[in-house]
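[1] Prediction below, plus the sequence it came from.
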Amino acid sequence: MTIVQLVKREVKAFIKNPGFIIGLILMISVYGILGNITGMAVESATKEFTEANIGLVLEEDTRLVKELVKLLNTTTGGRIRVYGSLDEAISEAEVGVVIPAGFTENATSLNKSVVLRGGVRVTTFSLTGAQARTSLLVVVSSTIERLLPLAISATYNVSLQPQKPVLMSSNILFYDKKISQEEFLSITAFISYTPLLVSLILGINATYAAQLVAVEKVEKAFEMLLAQPIRRRNIVLAKILGASIASILFGAVYLIGMLMFIGGGLNITTTVGTEQVSPITMIIGFLGPEMLGVIVSSLVIGLIFSGAIGVIIGSMVSDERIAGVLVTPVMFIFIGVGFLTMITGLSPNPASAVLAGLTIASLPYIYAISLFSGETFLIIYSIIVAAGVCSLLIYIASTIFNKDIVVLGLRIPWGRKARERM
């Protein structure tokens, strides 16, 4: 046989399986949807960044402060609002900055630094939304730093002074909880990356499960197993558990790596108030040790979920090559869901709870957001949906194992139909 004929033979081997075409269509469709959603999230965050009002709290009313506020209002296009307290500014404008008492003295003294207090309200753990909100405080402080020499020059009729660093001590209002920006960024990184990590493990587990079933079919060991007086459902569960063991080892290594990545090493600390704490300590302190239990539970449910999908794929193909081709789109879909959760986030509502239950990987995220928002019943909804989906997939896999397709594989006899038409 020539190389062309050999290549044609290999191509026909997977094209004859309808699951290959379905997998391609599914992957293109899902990633198209994910791309549109991500684009809308980025566009929304950018719009929010450029159109958000800025609340100012003036603890002193000097000529310099009045001139600075006027310049700020001109620079931002009239988006400056003055409030009586920082809490009011954050509540109304969602971004608040305090011009503290002693600002004028510090701004006009060579040996004194200018420190502002700021706060911003955030309602999502998504990297896009959180970064857009927290960046507003950075923009405000840098704008004040740039305009301060102009305000001093106009107020006191002096030559333009060099820029003086303006520092910002900021807090995040996440629902009803006040936390520092360092704490919030550590928690957001952990919550945002966890679904992506879980999705990666689920995709790998689906691959393992599909390969386990397909390889046994090729080696003719599958027929011998099915001939034994064993309930088909037990075989399905054994395949899922077998694939899960390898995935658990893989996931444990990656989880340790993620914790070290977020923590920057277990010995690195961050200043919170007057204390030195590690990012891991901050995460456990705000989310509680139960968060680790939720992650473990998500992995267990997800391994059953993805393992059942892999077993279904493996039982419908003729060999391990086709199994690898078909399970790849599934793996990318899992990763895409984790990426979507990381970028756009989920709101604390029943729709998000159902979505988290259907995707499994988003369970840790919905738990954290429901914990902060007070809507703790949402995680119960998610677990109920996840358990229902897992039970359905196991039932489908058990049903397929009772059919001839589990041995022969799903094929479309295109060649035979073409000969019959001729």
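    Okay, I see it.

[2] Please make it C-alpha for all contacts and neighbour counts, starting now.
    Noted.

[3] isn't there a helix covering residue 169?
    No: counting by DSSP: H, G, I helix; E, B strand; the rest coil, residue 169 is not part of a helix but strand.

[4] so what's it up against?
    Residues near residue 169 by C-alpha atoms under 8 Å, 6 or more residues apart in numbering: 115-118.

[5] 10 Å - rerun?
    Shown in contact with residue 169 (C-alpha atoms under 10 Å, 6 or more residues apart in numbering): 97-98, 115-119, 137, 141, 180-181.

[6] How about residue 236?
    209, 213, 242, 307-308, 311-312, 394-395, 397-398, 400-401.

[7] for residue 196, same thing?
    Residue 196 neighbours (C-alpha under 10 Å, 6+ apart): 202, 334-342, 361-362.

[8] And the top helix by length along the chain, how far out from the chain middle?
    In the chain, taking DSSP state H as the definition, the longest helix is helix 181-218. On the basis of C-alpha atoms, centre = their mean, to the nearest Å, helix 181-218 is displaced by 12 Å from the centre of the chain it belongs to.

[9] do the same with stretch 236-245
    Worked out by C-alpha atoms, centre = their mean, stretch 236-245 lies 27 Å from the chain centre.

[10] again, but for stretch 305-325
    That offset, for stretch 305-325, works out to 27 Å (C-alpha atoms, centre = their mean).

[11] Pop the domain breakdown of the chain in here.
    3-42+187-421, 52-174 (automatic domain parsing).

[12] is it possible to export those to CSV including mean pLDDT?
    Shown next, in CSV, are the domains of the chain (pLDDT from 0 to 100):
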stretch, mean pLDDT
domain 3-42+187-421, 73
domain 52-174, 86
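
[13] got the CA positions of stretch 143-155 in CSV?
    In CSV, the C-alpha atoms belonging to stretch 143-155 read as follows (Å, rounded to 0.1, in the frame of the first residue of the first chain):
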residue,chain,number,x,y,z
THR,A,143,-4.6,61.4,38.3
ILE,A,144,-4.4,63.3,41.6
GLU,A,145,-0.7,62.9,41.6
ARG,A,146,-0.5,64.4,38.1
LEU,A,147,-3.0,67.3,38.8
LEU,A,148,-1.6,68.2,42.3
PRO,A,149,1.3,70.4,41.0
LEU,A,150,-1.2,72.2,38.7
ALA,A,151,-3.5,72.8,41.7
ILE,A,152,-0.7,74.1,43.9
SER,A,153,0.5,76.4,41.1
ALA,A,154,-3.0,77.9,40.5
THR,A,155,-3.8,78.2,44.2
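
[14] ok, how many other residues are close to residue 64?
    Residue 64 has 22 neighbours, counted by other C-alpha atoms under 10 Å.

[15] Correct me if wrong: it contacts residue 102.
    No: contact between residue 64 and residue 102 fails when scored by C-alpha atoms under 10 Å: they sit 11.5 Å apart.

[16] how about the nearest residue to residue 167, chain neighbours excluded?
    Leaving aside its sequence neighbours, residue 167 sits nearest to residue 115 (C-alpha to C-alpha, 6 or more residues apart in numbering; 4.7 Å).

[17] Got phi/psi on the one you found?
    When read as degrees, to the nearest 10, the backbone of residue 115 gives phi -120, psi 120.

[18] Same check on residue 230?
    The phi/psi pair for residue 230 (degrees, to the nearest 10) is phi -120, psi 140.
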